[in-house]
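Novice: Give me the fold of what follows.
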Amino acid sequence: MSEIPSLPANPFFVHPSSYVDDGVAIGEGTKIWHFSHVQSGVRIGRSCVLGQNVNIGNNVVIGDFVKIQNNVSVYEGVVLEDYVFCGPSMVFTNVPVPRGKYPQIGAAFYKPTIVRVGASLGANCTIVCGHAIGRFAFVGAGAVVTKDVPAFALVVGNPARVVGWMSEAGEKLVFDPAGLATCPRSGKSYRFAAGSVTEME
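Specialist: Numbering: from 1, shown residues only. Now for the predicted structure:
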């Protein structure tokens, strides 16, 4: 009978300059780099990378293989699904109408934001709370997202608007008159119809 291999004592890495509060679950292979803070109730999947000076708010849920670059705060109410990429210094919000004189503290005041599988959020972009970023969508650097972003959409500007479509592999899709496109990197095919893109089987 073969032995069952045991996991190492610390299957994830937290740099000594960072803080992880009580009640946090961190998946195997995840790395949390310098000067970061993970607050209570957070769940982080496996093989994620949190860069320098990253703050993860209470009860945030992060999937597997997520990459969060330096200087990003992920506030309570945000969900990041698998393979999400957060560029350096991009911004989430969680209160729609903040007022210093009338504090809104607690989950009851937060509008949820969900970032679907594989979406990329460019450097310095802002995601205004209460919206969904679709699967494999691509938010350009500096864009300000004020409404839901469709799956595979490329959005830029302030407010962000759809200017094209991206494949799962991050290639810009060029559709023929029949509404079909093939990703030059992965070979996967896509269909554009009724203002949205779907991946073909």
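
Novice: Show me the shaky parts of the chain.
Specialist: Applying pLDDT under 70 to the chain picks out residues 1-10.

Novice: Just give the number of residues close to Gly106.
Specialist: A count of nearby residues for Gly106, using other C-beta atoms under 10 Å, gives 9. Where you see a C-beta, it was placed from the backbone N, CA and C, and this is true even at glycine.

Novice: do Val149 as well
Specialist: By other C-beta under 10 Å, neighbour count at Val149 equals 25.

Novice: Can you name the residues that contact it?
Specialist: Ala119, His131, Ala132, Ile133, Gly134, Ala137, Val139, Val155, Ala160, Val162 (C-beta atoms under 8 Å, 6 or more residues apart in numbering).

Novice: filter these to the buried ones?
Specialist: Ala119, His131, Ala132, Ile133, Gly134, Ala137, Val139, Val155, Ala160 (16 or more other C-beta atoms under 10 Å).

Novice: Which of those fall in helices?
Specialist: Among these, DSSP state H puts none in helices.

Novice: sorry, back to before: Serialize the contacts of Val149 to CSV and add fields for distance to Arg99.
Specialist: Converted to CSV, those look like this (distance: C-beta to C-beta, whole Å):
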residue, distance to Arg99
Ala119, 30
His131, 21
Ala132, 26
Ile133, 26
Gly134, 31
Ala137, 31
Val139, 27
Val155, 28
Ala160, 25
Val162, 32
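
Novice: Out of these, the closest to Trp33 would be?
Specialist: For the contacts of Val149, the minimum distance to Trp33 (C-beta to C-beta) is 22.0 Å, reached by Ala119.

Novice: Report the contact partners of that closest one.
Specialist: Contacts of Ala119 by C-beta under 8 Å, 6+ apart are Glu81, Val84, Phe85, Ile133, Gly134, Arg135, Phe136, Ala137, Phe138, Val139, Val149.
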